[in-house]
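>>> coords below, sequence missing:
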Ligand code: LLP
């Protein structure tokens with residue numbers, strides 16, 4: 001395990017977190033390379049090595065830095081990007097373009113241009129207008145692209161409403177209505193500029209059930225069968241998205257096989273019955289790769305005891321480095337990194353420094369008696385933390401550090417106040 005407590009101090013992948021705070025400052029995002037490598041290995045042993053003709057495309061939206069994507073690349077995974085920025089990062093990380101898959105619900109012409117120019121491996125078409133747009137770019141560049149259609153399977157998953165993506169009323173994917181979907185399939189089959197490989201779905205995020213996956217799968221297999229009957233079109237690839245849940249507080253995460261084995265069993269049986277070869281199956285895990293591999297270190301500042309209400313412990317970051325509690329009421333657990341063996345005698349609310357009363361990181365957290373200067377570690381912040389950081393209140397975005405077996409190095413340096421002015425201009429009208 002990468003988290004250890006020794007001499008009243010929290011260690012992460014062999015590094016004393018109080019040393020990390022002194023060296024790099026706080027707030028600080030810290031990632032354990034050992035923990036990341038464990039997750040890469042789990043994807044191999046529980047999915048890729050078990051089932052031939054499968055791929056895992058790490059969903060870069062969970063954490064996207066060149067150093068991280070280099071590790072992903074070296075682990076033999078593919079990467080799923082959703083913007084020109086993520087695509088540029090993957091290319092900068094030396095990702096072979098054919099291992100890049102391009103998702104997103106409103107890909108901009110300039111983003112598609114870059115994707116076609118560099119020859120990404122897959123473009124997941126998310127709307128009806130994307131095909132003609134892509135075709136025009138391909139025609140201009142004389143390149144043919146491999147595509148999948150992302151469909152909205154109309155399945156509700158049990159997770160926060162903002163992170164459900166597969167229900168019918170969704171901005172993602174193509175709805176299943178006959179008169180919308182099949183003409184789109186026909187157009188892609190007929191197009192000289194794209195090679196339609198199959199379908200993609202993604203049901204939601206932070207899921208602890210297989211049911212929504214299997215329900216969505218059933219819907220998509222229905223489309224496969226119908227496309228075979230109508231057009232004699234046999235799909236060669238099926239992308240089942242990501243969404244595997246992690247531990248924030250007391251959740252009990254399941255292995256990749258727990259979700260993917262039943263999916264694979266059903267896919268194999270279905271294609272066997274249909275008399276067609278089983279397509280390649282792709283998954284797109286994001287959170288489950290980086291979430292528990294990261295923590296955030298904060299320095300405690302002001303402490304306010306509101307009689308009859310609560311005790312607020314303010315830290316030097318907040319919703320700018322972790323928007324998830326404010327946006328999704330997400331819950332986390334924290335450790336007093338320099339008082340790690342002291343009894344959790346107090347119940348406090350940990351808040352940030354933003355001018356926003358919703359800027360709360362943890363409510364009613366059991367922690368030792370804290371004072372200014374103490375170091376607080378919030379665990380499992382590795383996914384959608386740095387990735388969703390903002391400069392609200394002109395707070396600089398913290399540094400991101402990678403640690404491994406007692407060694408550490410910067411993945412992203414801390415923004416400075418001057419950085420915040422770098423893009424500003426004075427139009428002086
Ligand atoms: N594939 C697609 C098409 C997706 O839309 C997503 C996530 C993933 C893969 C990766 O899902 P994961 O394995 O990370 O659950 N900001 C939210 C999560 C938004 C997820 C959006 N799509 C949060 O902080 O909870």
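Right, received. Where do you want to start? Predicted, not measured: the structure shown is a model, and the values here were computed from it. Numbers count the residues shown, from 1 in each chain.
>>> Could you use CA atoms for every contact and neighbour count after this?
OK.
>>> Which helix or strand contains residue 89?
helix 84-92 (DSSP states H and E).
>>> Show me the contact partners of that helix.
Residues outside helix 84-92 that contact it (CA atoms under 8 Å, 6 or more residues apart in numbering): 60-61, 64-66, 69, 79, 81, 97, 100, 102, 110-111, 114-115.
>>> packing partners for the helix or strand just after that helix?
Using DSSP H and E, the helix or strand that follows helix 84-92 towards the C-terminus is strand 100-102. Applying 3 or more CA pairs under 8 Å, 6 or more residues apart in numbering; DSSP states H and E, one finds that strand 100-102 contacts strand 78-81, helix 84-92, strand 122-125.
>>> Given strand 100-102, what are its sheet partners and their directions?
Next to strand 100-102 in the sheet, as set by DSSP bridges, lie strand 78-81 (parallel), strand 122-125 (parallel).
>>> Point out where the chain drops to low pLDDT.
Filtered on pLDDT under 70, the chain yields the residue ranges 1, 159-168.
>>> Contact residues of it facing the ligand?
By the rule CA under 6 Å from any ligand atom, the part of the chain lying against the ligand is 59, 62, 163, 202, 205-206, 241-244, 284-288, 324, 384.
>>> Could you rerun that using 5 Å?
Contact residues (CA under 5 Å from any ligand atom) of the chain with the ligand: 205, 241-243, 284-287, 384.
>>> where along the stretch 301-429 of the chain do the strands fall?
Along the stretch 301-429 of the chain, counting by DSSP state E, counting those that start in this stretch, strands occupy 311-315, 334-336, 346-351, 360-367, 375-378, 399-404, 407-412.
>>> Pull the distance from the third one to the chain's centre.
Just to be clear, that refers to strand 346-351. How far strand 346-351 lies from its chain's middle: 28 Å, per CA atoms, centre = their mean, to the nearest Å.
>>> Going by secondary structure, residue 22 is in what exactly?
Assessed by DSSP H and E, residue 22 sits inside helix 17-24.
>>> Run me through the strand neighbours of the helix or strand following that helix, direction for each.
Per DSSP H and E, the first helix or strand lying C-terminal to helix 17-24 is strand 28-32. Sheet pairing of strand 28-32 (DSSP bridges) gives strand 294-305 (antiparallel), strand 399-404 (parallel).
>>> so what's the most centrally placed residue in the chain up against?
Geometric centre of the chain, nearest residue: residue 62, 2.6 Å, by CA atoms, centre = their mean. Shown in contact with residue 62 (CA under 8 Å, 6+ apart): 286-287, 290-291, 382-385, 387.
>>> is residue 10 in a bridge, and if so with what?
If you apply DSSP bridges, the partners that residue 10 bridges to are residue 5.
>>> That one contacts residue 21, correct?
No - the pair residue 10 / residue 21 is not scored as a contact, 11.5 Å apart, by CA atoms under 8 Å.
>>> who has more neighbours, these two?
A direct count of neighbours by other CA atoms under 10 Å for residue 10 and residue 21 places residue 10 higher, at 24 against 17.
>>> Can you list the buried residues in the strand or helix carrying residue 71?
Element membership of residue 71 [criterion: DSSP H and E] is helix 66-74. Residues of helix 66-74 classed as buried: 66-73 (neighbour count, 16 or more other CA atoms under 10 Å).
>>> Give me the spatial nearest neighbour of residue 231, chain neighbours excluded.
Leaving out its chain neighbours, the residue that sits closest to residue 231 by CA to CA, 6 or more residues apart in numbering is residue 186, at 7.6 Å.
>>> mind checking how far that neighbour is from the ligand?
Distance, residue 186 to the ligand, by CA to the nearest ligand atom, to the nearest Å: 23 Å.
>>> looking at this, that residue is in a helix?
Yes - judged by DSSP: H, G, I helix; E, B strand; the rest coil, residue 186 forms part of a helix.
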